[in-house]
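Participant: I need the structure of the sequence given here:
(chains A and B)
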Number of protein chains: 2
Amino acid sequence: MNFCQRLKVFTVAGIIGITILLPINFLGNQLSYDFSDLPNKSLDSFSISNVDDGSNRLWIHFCAAYVFTGVVCYFLYQEYSYISSKRVSYFYSSKPQPHQFTLLVRGIPGSSRSSFSEVVESFFKDYHPSTYLSHTVIRRTSKIQELTKDAEKLHRRLARLNSNDNSHKRFRRDGFLGIFGRKVDLLDHYGKRLEALQDNVRMEQSSLAGKEVAAAFVSFNSRYGAAIALHIQQGVNPTEWVTEQAPAPQDVHWPFFSSSFMKRWICKLAVVVACIALTILFLIPVVIVQGLTHLDQLETWFPFLKGVLNLTFISQVITGYLPSLILQLFLSFVPPIMIMFSSIQGHISLSNIEKSACSKVWWFTVWNNFFANALSGTALYHVQVFLEPKKIPQVLAEGVPAQASFFIAYVVTSGWTSISSELFRMFPLICSFISRLCCHNASDDLEVPSIPYHSEIPRVIFSVLLGITYFFLAPLILPFLLVYYCLGYIIYRNQLLNVYAPKFETGGKFWPIVHNSTIFSLLLMHVIAIGIFGLKKLPLASSLVIPLPVLTLLFNEYCRKRFLPIFEAYPTECLVKKDREDQNDATMAEFYEKLVTAYQDPALMPVQYSGSSDGRTSPLLHAANV
Amino acid sequence: MNFCQRLKVFTVAGIIGITILLPINFLGNQLSYDFSDLPNKSLDSFSISNVDDGSNRLWIHFCAAYVFTGVVCYFLYQEYSYISSKRVSYFYSSKPQPHQFTLLVRGIPGSSRSSFSEVVESFFKDYHPSTYLSHTVIRRTSKIQELTKDAEKLHRRLARLNSNDNSHKRFRRDGFLGIFGRKVDLLDHYGKRLEALQDNVRMEQSSLAGKEVAAAFVSFNSRYGAAIALHIQQGVNPTEWVTEQAPAPQDVHWPFFSSSFMKRWICKLAVVVACIALTILFLIPVVIVQGLTHLDQLETWFPFLKGVLNLTFISQVITGYLPSLILQLFLSFVPPIMIMFSSIQGHISLSNIEKSACSKVWWFTVWNNFFANALSGTALYHVQVFLEPKKIPQVLAEGVPAQASFFIAYVVTSGWTSISSELFRMFPLICSFISRLCCHNASDDLEVPSIPYHSEIPRVIFSVLLGITYFFLAPLILPFLLVYYCLGYIIYRNQLLNVYAPKFETGGKFWPIVHNSTIFSLLLMHVIAIGIFGLKKLPLASSLVIPLPVLTLLFNEYCRKRFLPIFEAYPTECLVKKDREDQNDATMAEFYEKLVTAYQDPALMPVQYSGSSDGRTSPLLHAANV
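Facilitator: This is a model prediction of the structure:
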């Protein structure tokens, strides 16, 4: 719902932006342009590029910049305030949940005499005697996880073989691709392999006792007790006993679990460097690959295509469409790469990984979609421009307005189509179809998909960026964006309510990213305004715009102070009230019992390998012995 | 002692720097220079400026930059670690002090039905029932403070008149400057005025009940209880119930007490702007005033000086010394101005005000002493240089080495003399002498002075900056600095132990400022190195220096994470241990009793006006009725 909420505000902001500002711009431009060549007017005719140098009509654009910034900031404030109040009421209405009572403690100091488990217990019993409840030390289980995964796959195959009694499917040759070799009874074969795996898993599990990691989930008997341990530095050495709010049990990302402070810090730095390098240098390989699709090159490589390529239609498609298809293909790899980066970075929950990937993808989009298109030249040239801050407004003012029609087309082609295709979910459909065709052992059970916030949010707020930067340069982009937002509102609302199932509760935590990127868009617009008024020989307007980014930054700073803390942790008032409510609740004893085992690694569960699908809740042994 | 400690480490670092690096530089330079012109060598002969372009000998300077950075970082780490351990042991050995148990709460939400005092009590009794002890709401007492000050002055005069029985001093004419008018009995006159003032104060005190400010000192019955309320956001609105560690009662800065979040925020922003403006534009009025001291202008203004000014000696003194004297005079106003800025900024303790002023003065010194001298051109030109980051290394590399002999002279003249004059405290002596001569009613009681950290620390670390930036450009500056540090160590040690009495306990909190400024000096050195190797046609060395600032910044970041938290607040481990120690202490009941009244505004004390000097502890009425 938060996502819808966000879209709603942008839709409203868009409508108001258009209703207020389009007439102003239109009038300003209309009154000034020669009416005689009206029929010849292109889309660009409303653009600021057509206003004469030093013309007084530029002041209309100047006023529009101020008014628009004010309107956007007002909406941002309202929305931040609304979402933060929602967040508080969401907390008040929530049932007791394990992650509210639990912290992740990393950097447990080692001791030669006792295990990590004993160290944790003695520390928290000593310093939090009245609130400490239990703890679960984390173990390194990557090997078991792999084994379990294999076992699960086998188990599913077995179950399938059992359910459909086609005997021709039961037997298969054991050689290359199941074509050569002697025939084997698959049921028997899989059963044996599963048993072997099972023994392996048990052996690994029993040998794990010593493989403790210097990290643990520590549970407390009240939310306030957990908050106290969370907010106050525990040990004298700040790199030991580092506490962090635990994610919900199903949200924990088990594979990457580096516990040492130094290791995590180095990983984080490496990821930042990798991320910046990927963002800046991404276009280089893409441009090289795109170069290969030029007609003459294709002709030399594939001489038999000569006849076909000479057809005008086909050559138009290839030169016009293939490069952008290649770009799209490369772009589709970016969100998964960013997710990988974020998981290496040391986040321990899927939600945090997605949140972190979301901002990474956003910066990637800004750099590679906006700057790469708006500015000509190589990626390294762009970097050089940003090393000379004085030149930035001028360079942007020269490059950005010229691309207005390109970005209008971008909104229509990329924006409208991507949102409409979201409705049909063509890509997952094709993927699933292909995987069913190719792999005869694909899984039957359809999982309900979750919305990929990290790729959807940057796409939506990139349109906001376009709207904000272009509205005063070429206001004709606004109606197209309005259609985009209306479509988006309807489609995403439908998808969120009827199609997707949330993998985790965001709790509105994505809003600050949207807020920050909108502020960034405003600042970008101001920088372009400074540059363009300079180019248009109106230095007074250019310098009068300067207070605008300063005020916007101050506004952002105020919002950070006023609302952001609520998005990071809940205050005493909420926590104590909620804890008091629980005291009268009879079900709490049961909850505490569950809490003790809530954060056990799924890889260490003794009998069943996975509890997510109902078919697999029965013990594995039973299934294998059919 | 911490201050001495700091000086000690710099002295040691200086010695090691010289013993290791001077021979390297010396050898490197010696081997390369022509020995024939040895007698003609100036101070500059060891400087990097004399090395040929592209010479391999530049690699010696390059190595020196790496080795020196390593050595400095090693010492910084050791020192940070030492001081933070000292801080913890200082806490363990401290007696229960009111500020350890007390928080300052600002932004208390108003209520129409109840007073702030009731709101505070109900809030903390509700949410901190087991730890809340008492509170003192702050009142606006600036008027009473003025009245009290007047009354105190009068009281002191009366006491003096009573003590020395010279009857000629008892009578004075009541007209202009005590020369005209009728004779009055001062004892009688002052007694009456004091009584009137007293009544006034009482009236104001009684009417103050309604003048509550939305801020209060809230005391808890344990250090840990106070820490809990300090670290966790209290109210749902983060701009309300803002908590902050209370300063020691004698350290509270009562006059500026803005309680609203917005007001403080705006004040802070205004101060930042004012501070930057002062720093950047300071030299403009100074240069104008200095221009007035040119000989020809003096001659036109004061024609009678013509004869004197024609004497070579006098003209030399005036042209050589007067401009620098004027600069010094202007510079001496800076620390008090920065103190004023910091107090407007909303700090509530003298120690925080001094700490904040210390870093302000440091940046001021860097800008106006280092950059203004090292770079030619106006202040605004400098600002422009820093807006083009790509040019900075080149500009610095051109400007800085040329000023080596100037800064060597600066260390000798300004450094050595200021430290030596510190021993004699000439300036306070002259001030006190003049005030005794001019004002016949100057106070007799000498207060023990406290060391002005905010003006002394920046001066010492400015020498560190000079040492770090010049050691590889012109290593001959190092022996002069070594003498400076040795002198400084001896003299400051003496002054701190025998002359000054601390106004507040710093608890080592100034160390992070010293650490940060040293890191800044290292970075500046690296930037100059990058520039100079570029100028000397050794681009490989220039690019090989680039990892150095990156590594230094990473080192700094690590230190921030590893040590800074200890300088901001104490961890659970320390607090709980200390609280447990107190539980067995019999004197705690008495301490709690005192704690309840510890944070009463001195202006609201009913009978005695001031308790700081023993002569004034007797009730004022008694003194006035003599």
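Participant: Now the one helix or strand A:V287 maps to: average pLDDT?
Facilitator: In this assignment (DSSP states H and E), A:V287 forms part of helix A:283-291. Taken as a whole, helix A:283-291 has a mean pLDDT of 74.
Participant: name the helices or strands packed onto that helix?
Facilitator: Under the contact criterion of 3 or more Cβ pairs under 8 Å, 6 or more residues apart in numbering or on different chains; DSSP states H and E, helix A:283-291 touches helix A:312-332. Just so you know, the C-beta spots here come from the backbone N, C-alpha and C atoms, and that holds for glycine as well.
Participant: Please name every helix or strand in contact with the helix it packs on.
Facilitator: Helix A:312-332 is packed against helix A:283-291, helix A:295-301, helix A:306-309, with contacts defined by 3+ Cβ pairs under 8 Å, 6+ apart.
Participant: Which of those helices sits closest to A:S114?
Facilitator: Of all these, helix A:283-291 sits nearest to A:S114, with 52.6 Å by Cβ to Cβ.
Participant: Quick one: distance of that closest one to the chain centre.
Facilitator: Helix A:283-291 has its C-alpha centroid displaced from the chain centroid by 25 Å (Cα atoms, centre = their mean, to the nearest Å).
Participant: Could you confirm A:H135 falls within a helix?
Facilitator: No. Checked against DSSP: H, G, I helix; E, B strand; the rest coil, A:H135 lies outside a helix; its state is strand.
Participant: Report the beta-bridge partner residues of the residue nearest to it when sequence neighbours are not counted.
Facilitator: Using Cβ to Cβ, 6 or more residues apart in numbering or on different chains and skipping residues adjacent in sequence, the residue nearest A:H135 is A:V218, 4.5 Å away. Beta-bridge partners of A:V218, counted by DSSP bridges, are A:L103, A:H135.
Participant: residues contacting A:V218?
Facilitator: Counting by Cβ atoms under 8 Å, 6 or more residues apart in numbering or on different chains, A:V218 touches A:T102, A:L103, A:L104, A:V105, A:V120, A:F124, A:Y132, A:S134, A:H135, A:A229.
Participant: can you pick the most crowded of those?
Facilitator: Counting neighbours by other Cβ atoms under 10 Å in any protein chain shown, A:V105 leads the contacts of A:V218 with 28 neighbours.
Participant: Check which helix or strand that one maps to.
Facilitator: In this structure, A:V105 sits in strand A:102-106 according to DSSP H and E.
Participant: one step back: most widely separated two among the contacts of A:V218?
Facilitator: A:L104 and A:Y132, at 14.9 Å, using Cβ to Cβ across the contacts of A:V218.
Participant: What are the buried residues along the helix or strand encompassing A:S206?
Facilitator: Remark: A:S206 resides in helix A:186-207, with elements defined by DSSP H and E. For helix A:186-207, the neighbour count (16 or more other Cβ atoms under 10 Å in any protein chain shown) marks A:186-187, A:189-191, A:193-195, A:197-198, A:201, A:204-205 as buried.
Participant: Tell me which other helices or strands that helix touches.
Facilitator: Other elements packing on helix A:186-207 under the criterion 3+ Cβ pairs under 8 Å, 6+ apart are helix A:142-163, helix A:167-170, helix A:620-624.
Participant: 7 Å instead, please
Facilitator: Contact here means 3 or more Cβ pairs under 7 Å, 6 or more residues apart in numbering or on different chains; DSSP states H and E; on that basis helix A:186-207 packs against helix A:142-163, helix A:620-624.
Participant: Those helices: which one's closest to A:E568?
Facilitator: Ranking the helices and strands packed on helix A:186-207 by proximity to A:E568 (Cβ to Cβ) places helix A:142-163 first, at 30.6 Å.
Participant: How far off centre is the closest one?
Facilitator: That offset, for helix A:142-163, works out to 30 Å (Cα atoms, centre = their mean).
Participant: Let me know the angle separating it from helix A:186-207.
Facilitator: Helix A:142-163 and helix A:186-207 are oriented at 150 degrees to each other (axes from the mean of the first three to the mean of the last three Cα atoms, to 10 degrees).
Participant: burial count for A:Y599?
Facilitator: Neighbour count of A:Y599, defined by other Cβ under 10 Å: 23.
Participant: do the same with A:E593
Facilitator: Look at A:E593: counted by other Cβ under 10 Å, it has 10 neighbours.
Participant: can you check A:M426 too?
Facilitator: Using other Cβ under 10 Å, A:M426 has 11 neighbouring residues.
Participant: got it, and A:T312?
Facilitator: Neighbour count for A:T312, taken as other Cβ under 10 Å: 7.
Participant: how close does it get to A:T319?
Facilitator: Distance of A:T312 to A:T319, given as Cβ to Cβ, to the nearest Å: 11 Å.
Participant: Tell me where the stretch 1-150 of chain A has strands.
Facilitator: Remark: strands assigned in the stretch 1-150 of chain A by DSSP state E, counting those that start in this stretch are A:102-106, A:132-139.
Participant: Any chance you could note which residues of the stretch 451-600 of chain A sit beside chain B?
Facilitator: Contact residues, the stretch 451-600 of chain A versus chain B (Cβ under 7 Å from any Cβ of the partner chain): A:K561, A:R562, A:P565, A:I566, A:A569, A:P571, A:T572, A:E573, A:C574, A:V576.
Participant: Nice, that's everything, thank you.
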